[in-house]
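A.B. asks: Turn this into a structure:
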Amino acid sequence: MLRLCFTAEDLLQVTFADEPAPMVELTLAVAALQRPDPLFTLWRRRTLHTLPRSAGPLLELVPATAKGPLFLDPLSRGFDDGLDEVLSAPTPFVRTELRRVHAAGRRPVPWTRLLADRDREAWQILEHAVQSAHAGVLARSWDRIRAGFDAERAWRVQLLAAQGIRATLASLAPGARWQGTTLEFDSTDNVETALNGHGVTLLPSVFWTGRPLVGRYAQSTFLVYPAVTPLPLLDDPTTNALATLLGRTRAAILEQLTRPRTTTGLARQLDLAKSSVSEHTGALRAAHLTTAHRDGKTIWHSCTPLGLALLTGSPSTTES
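C.D. replies: Take a look at the predicted model:
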């Protein structure tokens, strides 16, 4: 059983990550390469076929459970910053995490033993493995990863507005339930985490399909949970189907509106005239797929729950 112990202050400090964390997604993708999940079979076969050999050492550190050393999972905004944080992780933290992973049954190999001693060659192996895995797994799919993250985040924010924080948190996994101020998730582990007034950051992943995972990095506690639409479904040609239904330009605009955008911002992002954007957003608004509000002279557009359901293929917020 996984338990998250909230205080009233913690519930006021539940936040959604603004964007995917590249290093977290990378370790979850490496775990997905080793998980016998039927949903990922074709993706796994295709990715392993093209994965550079130099990425192999990362698979020796991160197991299929994704419970690898936490120094690999900094909550960085960019890959380069995240890699710098990995390489500069404090030695005591590195040693503690390696001991934890090895104690959990992950058999140590010689080069991972040397990481704890700050062996230069071992850390170069890790650096090259992370860079190769990023190039072979994440980089080519990052637009889809980001689109899936944005749609998931927007949908959860709509759910939060409609049903409140307790229902939103309980919806993150099947069977999740509240016992007083403790949120329980079914799990093979018996872990209890007290948030102690610091709150928690919600971090959806398009690679993870298991039970939620709790991580701590520095002073942050984050909860990784499966996004409604996993990567293999994002790989399907849904954009073409949406374009057939709405038209290519309106489909592109709708995809941008998982986050609020201005008319000017949409025009710049999609290389369209502002007058054209205004025409298309008006049509989407008339179909109840988007909404708009004015802030001074600026008009902000965003998806409605119906628009998000069309993008993600998931039920509307009300139905959920």
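A.B. asks: For the rest of this, base every contact and every neighbour count on C-alpha atoms.
C.D. replies: OK.
A.B. asks: How is this protein partitioned into domains?
C.D. replies: Residue ranges for the domains of the chain, per automatic domain parsing: 2-18+144-229, 22-142, 237-312.
A.B. asks: With mean neighbour count added, can I get these in CSV?
C.D. replies: Below are the domains of the chain laid out as CSV (neighbours: other CA atoms under 10 Å):
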stretch, mean neighbour count
domain 2-18+144-229, 18
domain 22-142, 17
domain 237-312, 17
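A.B. asks: Distance from the chain centre to stretch 214-223, please.
C.D. replies: 14 Å (CA atoms, centre = their mean, to the nearest Å).
A.B. asks: can you check stretch 90-99 too?
C.D. replies: Worked out by CA atoms, centre = their mean, stretch 90-99 lies 25 Å from the chain centre.
A.B. asks: how about Phe40, what does it touch?
C.D. replies: 32, 232 (CA atoms under 8 Å, 6 or more residues apart in numbering).
A.B. asks: change it to 10 Å
C.D. replies: Phe40 is in contact with 32-33, 46, 207, 209, 230-233, counting by CA atoms under 10 Å, 6 or more residues apart in numbering.
A.B. asks: residue ranges with poor pLDDT in the stretch 51-200 of the chain?
C.D. replies: Low-confidence segments of the stretch 51-200 of the chain, defined by pLDDT under 70: 105-106, 108.
A.B. asks: coming back round to it: ok, the contacts of Phe40 vs Ala176, which is closest?
C.D. replies: Thr209 (14.9 Å; CA to CA).
A.B. asks: Quick check, the closest one in contact with Leu172.
C.D. replies: No: the criterion here is CA atoms under 10 Å, and Thr209 misses it with Leu172 at 11.3 Å.
A.B. asks: tell me, what's touching these two both at once?
C.D. replies: Common neighbours of Thr209 and Leu172, using CA under 10 Å, 6+ apart, are 225-228.
A.B. asks: can you name the farthest residue from the center of this structure?
C.D. replies: Distance to the chain centre peaks in the chain at Ser275, reaching 34.6 Å (criterion: CA atoms, centre = their mean).
A.B. asks: before we move on, the earlier item: what is the most widely separated pair among the contacts of Phe40?
C.D. replies: Distance extremes for the contacts of Phe40: the farthest pair is Arg46 and Thr209 at 18.8 Å, using CA to CA.
A.B. asks: which phi and psi does Gln179 have?
C.D. replies: phi -120, psi 90 (degrees, to the nearest 10).
A.B. asks: hang on, I meant Val224
C.D. replies: phi -90, psi 130.
A.B. asks: is it true that it touches Leu169?
C.D. replies: No: in this structure, Val224 is not within contact of Leu169 by CA under 10 Å, at 11.8 Å.
A.B. asks: what do those two both touch?
C.D. replies: Leu202.
A.B. asks: Just the terminal-to-terminal distance for stretch 65-81.
C.D. replies: Distance between the boundary residues of stretch 65-81 (CA to CA, to the nearest Å) amounts to 25 Å.
A.B. asks: swap in stretch 12-24?
C.D. replies: Across stretch 12-24, the terminal residues are separated by 25 Å (CA to CA).
A.B. asks: report the longest helix in this structure, please.
C.D. replies: Assignment by DSSP state H gives helix 142-163 as the longest helix of the chain.
A.B. asks: Now do the next helix-or-strand element following that one: everything it contacts.
C.D. replies: Per DSSP states H and E, the first helix or strand lying C-terminal to helix 142-163 is helix 165-170. Residues from elsewhere that reach helix 165-170, judged by CA under 10 Å, 6+ apart: 11-12, 14, 156-162, 171, 176-178, 181, 183-185, 202.
A.B. asks: Distance-wise, check the residue nearest to Ala31 when sequence neighbours are not counted relative to Asp295.
C.D. replies: Leaving out its chain neighbours, the residue that sits closest to Ala31 by CA to CA, 6 or more residues apart in numbering is Ala64, at 4.2 Å. Distance of Ala64 to Asp295, computed by CA to CA: 48 Å.
A.B. asks: and if you look at Ala176?
C.D. replies: Counting by CA to CA, the gap from Ala176 to Asp295 is 39 Å.
A.B. asks: Could I get the phi/psi values of the one residue sitting closest to the centre of the chain?
C.D. replies: In the chain, the centroid-proximal residue (CA atoms, centre = their mean) is Ser205; its distance is 3.0 Å. Dihedral pair for Ser205: phi -130, psi 140, per degrees, to the nearest 10.
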